[in-house]
Each structure stands twice: as C-alpha cells, then as structure tokens.
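S.K.: any chance you can model this:
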Amino acid sequence: MKLIKVKNGLLEAENFFLASPFSDFAGSNNITRDTGTGKLSLISDNKIERYFPYNEFVIEMEKEKFNSMNPGDYSTIYLGNKDYTFGIRDKLFGEQKRYWKILKQDNYIQAYVSDDGISYTNIGGMEFSEDILKQGFAKYNNGPFILNSYNVYDNPYITLQNFPENTTCELYDSHDKLLKIRLFDNNLECKIYLDNNNIEGYLIFKDVNNVIIYTTDNITLGYGDIWVVSPYNFEIIYLGNVVTNINPSLLQDLNEAIVIKNIGSTDYTGIVIGTQTNSNDLIQLSLDGVVYTNTLTLNILQNEEKTLLIKIVKNADNHNFQVRDFQLMINE
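M.R.: Here you go, the predicted model:
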C-alpha cells in the first residue's frame, strides 16, 4: 500500500505574468519583469489585466508593500466581467498586506489577506454565479507595484481516493499537531480543506473500528492535489525525483518521460496505465516513442522500472499554454 500523488493542483504551470507575452496583459503600460528573480513591476499608475478562463480556482500571490502612501493611493487585485468587478484593495499604509488570496468554489467568492502567507484572515465574500472573464492588478502610487509570485490552483482542497466509505483520515502537521479529521464518502473519496498551501505533514487512515490502516511519511500537501492510496508499491519518478515527495510534479514540456518503479515484494501483471485530465488536450502514452495510445498494459517485476513516454497534443481551442497537468490512472 502506498499513497501516490497523481495530480498537481496548479492550473497554470508558470506565473502567467512572467511567461506570457506583454500583449496578453500589459497594454501600453510601463511594465518590467525579471524571470531570474520572478518579479514583475507595474510602474505606471494604471492596470495590467488578463483573460481569466476559470470558474473555480484559488489565486494566491505575494507582493511588495509600498514604501509610502498618500491619501488616495492604493493597490488592488480584481476579478470580474463586463458588468461586475470585485477584489482586494490596500488603501492605508499601515494596513498593507503582503499576501492576497482569492478563491471561488460552488459559486461563492472568498477573499483573504496575510502577513506571512500562512495565517490568513477572511475579509469577506459573496455569491457570484456568473462567469469570470478577467483578472488584473492596478495601483496608484509614486512607487511601482511589485508582484513577487502568482499562482492559480484548481481548488483549496487535497483530495484522497481509494479507501472505503467511512474510513477516517487524520491530517497532522510535521510537529504531530492534529489539524483536520475527515471521512471518506461513498465515492471512496475524502476532501480536506487546506487553510494554507504546501503544508508539511502526514496522514493517518483508520477503519470504522478506529484501527490504524496506514500512516504516510511526511509529505507536502498543496492546493488541488489529488492523492490515491494504491495497493501497488510503485514509485513515480520524474526528472530523477520521486513524485510523491517532490513539489511540483507538473511536466516541463509537451513531450516527456516518467518512470514507474516496482519497489514492492510482488510482481505485477496486466497493470493498465492511463490518464485523465480536465482539459480538452490529447494525452497519450508510449513505450517506444513511435506508437502512442491512450492506455498501456504493463507487467512490472520486483525492482523493475518502466519508462513511459508522454505526448500532449494541445487542442486548437485551448489557448492556455500553461495547462500540462493530468491524473495518472493505474488499474488492473
């Protein structure tokens, strides 16, 4: 038995504002960016704005505070469509926050601010069932608005799969403090809301009689990640790292290779490997780099490794180049 991360929660592999052409968000504004430091600066008193195609998401970002603020100065993150705009705004020098987070789930928007990116304060929310079409930043100040980091995630939960209904899952931090207790539902799934991203900790699973079934090692748990409790003792290796212990696990290109290693004491036969994705891209697998199919059937002996070649063909209607995530499916 092994807990395997099969999907990274990032909706976008890179910071959109660093990786996209200026024409996608900057307009005629004075913008600088440094891919080495990961910082983007809005110099002019105006805005940068992007098309935003997601209706459920978590945006988490870090910015620099202004060195000074006069009456009427501000910085803001906003979302909306042609009729509505909403977001978070800093207006007072002493009340600036370094971290902003906005999430939308089940047609509700919630906004959070933080000084350290760990302890967040909810500053309000509202119901919003309409499509969101745009997201941007704006400022009015003598100094630049400096964006240090910007990430978009699928949702604020970790999803755990493949234990029976009413199995208990306990989430502990790395100091053995119990954070959350949740039950698996009749879909053999359990979702745990994360108060902050990339929690270092471990999970304990218990049966209906409160007997421990399985305890994980210390792992990093992030927004939107999907983990599967697999009866197979496999390791998924990408770029030399075991995916279950490394973050992130998004592919770096549209043609990549991953390795599946049998670290158990049993030979496996007839194992079907496939993929599942929320995008409309075509994702296929191959053993030889010539013939690509939607699934592969493998026999994997003890201590044996199999290299899987992955090819992602972008759909012509999908203009979001960052989406390269998928869920790896392993079945008999």
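
S.K.: for the residue lying closest to Tyr120 once chain neighbours are set aside, give me its contacts.
M.R.: For Tyr120, ignoring the flanking residues on the chain, the nearest one in space by C-beta to C-beta, 6 or more residues apart in numbering is Tyr112 at 4.0 Å. C-beta: built from backbone N, CA, C; applies to glycine. With contact set as C-beta atoms under 8 Å, 6 or more residues apart in numbering, Tyr112 has these partners: 100-103, 120-123.

S.K.: count of residues packed around Asp83?
M.R.: By the criterion of other C-beta atoms under 10 Å, Asp83 has 7 neighbours.

S.K.: and the closest residue to it other than its chain neighbours, how many neighbours?
M.R.: For Asp83, the nearest residue in space outside its immediate sequence neighbours is Glu130; the separation is 7.5 Å by C-beta to C-beta, 6+ apart. Using other C-beta under 10 Å as the criterion, Glu130 is surrounded by 12 other residues.

S.K.: please apply the same query to the one 5 residues further on.
M.R.: By other C-beta under 10 Å, the residues close to Gln135 number 24.

S.K.: secondary structure element for it, which one?
M.R.: Gln135 is part of strand 134-140 when elements are defined by DSSP states H and E.

S.K.: so the residue nearest to Asp83 sits against Tyr84, correct?
M.R.: Yes: Glu130 sits in contact with Tyr84 when judged by C-beta atoms under 8 Å, with a separation of 7.1 Å.

S.K.: quick one on the thing from earlier: just the contacts of Tyr112: which are in strands?
M.R.: Residues from those lying in strands, with DSSP state E as the criterion: 100-103, 120-123.

S.K.: what is the least confident helix or strand in the chain?
M.R.: Using mean pLDDT, DSSP states H and E, strand 241-242 stands out as the lowest-scoring helix or strand of the chain, at a mean of 64.

S.K.: what's opposite the residue nearest to Tyr120 in the beta bridge?
M.R.: Under DSSP bridges, the beta-bridge partners of Tyr112 are Lys101, Asn122.

S.K.: and stretch 300-317, which residues are buried?
M.R.: Taking 16 or more other C-beta atoms under 10 Å as the neighbour-count basis, stretch 300-317 is seen to contain the buried residues 300, 306, 308-310, 312, 314.

S.K.: ditto for stretch 191-205
M.R.: Applying a neighbour-count criterion of 16+ other C-beta under 10 Å, the buried positions in stretch 191-205 are 191-192, 194, 196-197, 199, 201-205.

S.K.: for stretch 48-68, same thing?
M.R.: Within stretch 48-68, judged by 16+ other C-beta under 10 Å, the buried ones are 48-49, 52, 54, 56-66.

S.K.: same check on stretch 112-124?
M.R.: When burial is assessed from 16+ other C-beta under 10 Å, stretch 112-124 yields the following buried residues: 112-114, 117, 120.

S.K.: check which helices and strands the helix or strand harbouring Asn148 sits against.
M.R.: Applying DSSP H and E as the criterion places Asn148 in strand 145-153. The contact analysis (3 or more C-beta pairs under 8 Å, 6 or more residues apart in numbering; DSSP states H and E) places strand 145-153 against helix 16-19, strand 39-42, strand 57-63, strand 134-140.
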